[in-house]
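>>> Here is a sequence together with a model predicted from it:
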Amino acid sequence: MDSIPATFEHGMFRPTEPVQLPEGCQVELNVVPLTALSTGQSTEMAPTHESIEDQLRRIADAVPAEEWERLPADLSDRLDHYVYQSKSE
């Protein structure tokens, strides 16, 4: 089960189709808001897309400053060395 379509109403998520889970089972939700297709001819929903720059910025902002400070100063120059443990030239 990869995703469960749901509607958010009155502060609660309500699945739009039956879900096969044990009663009382706890789950983790990863919310992806959907928007109506621009044609107006369908009530189907299409996912909104966050730009790659915004995704990277959000991920980078979640890293504590002290972790950034632990990175080697020559990381970009010697990336292969750090990633693949290759001998430096």
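Sure thing, it's come through.
>>> where does E67 fall, phi/psi-wise?
Backbone geometry at E67, expressed as degrees, to the nearest 10, gives phi -70, psi -40.
>>> same question but for M12, I mixed them up
Dihedral pair for M12: phi -130, psi 150, per degrees, to the nearest 10.
>>> Check it and give its pLDDT.
pLDDT, M12: 90.
>>> Retrieve the pLDDT associated with Y82.
89.
>>> Can you tell me the SS state at it?
What DSSP: H, G, I helix; E, B strand; the rest coil gives for Y82 is helix.
>>> Below-threshold pLDDT in the chain: ranges please.
By pLDDT under 70, the low-scoring segments of the chain are 1, 35-48, 86-89.
>>> max-length helix in it?
helix 52-61 (DSSP state H).
>>> So which residues make contact with that helix?
Residues outside helix 52-61 that contact it (C-beta atoms under 8 Å, 6 or more residues apart in numbering): E50. Quick note: C-beta positions are derived from backbone N, CA and C, even for glycine.
>>> Can I get it in CSV, CA atoms only?
Extracted in CSV, the C-alpha atoms of helix 52-61 (Å, rounded to 0.1, in the frame of the first residue of the first chain):
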residue,chain,number,x,y,z
ILE,A,52,14.0,21.1,-7.1
GLU,A,53,15.6,24.3,-5.7
ASP,A,54,12.8,24.5,-3.1
GLN,A,55,13.2,20.9,-2.2
LEU,A,56,16.9,21.2,-1.7
ARG,A,57,16.5,24.4,0.3
ARG,A,58,14.0,22.8,2.6
ILE,A,59,16.3,19.8,3.1
ALA,A,60,19.4,22.0,3.7
ASP,A,61,17.5,24.2,6.1
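>>> Check the offset of that helix from the chain's centre.
On the basis of C-alpha atoms, centre = their mean, to the nearest Å, helix 52-61 sits 10 Å off its chain's mean C-alpha point.
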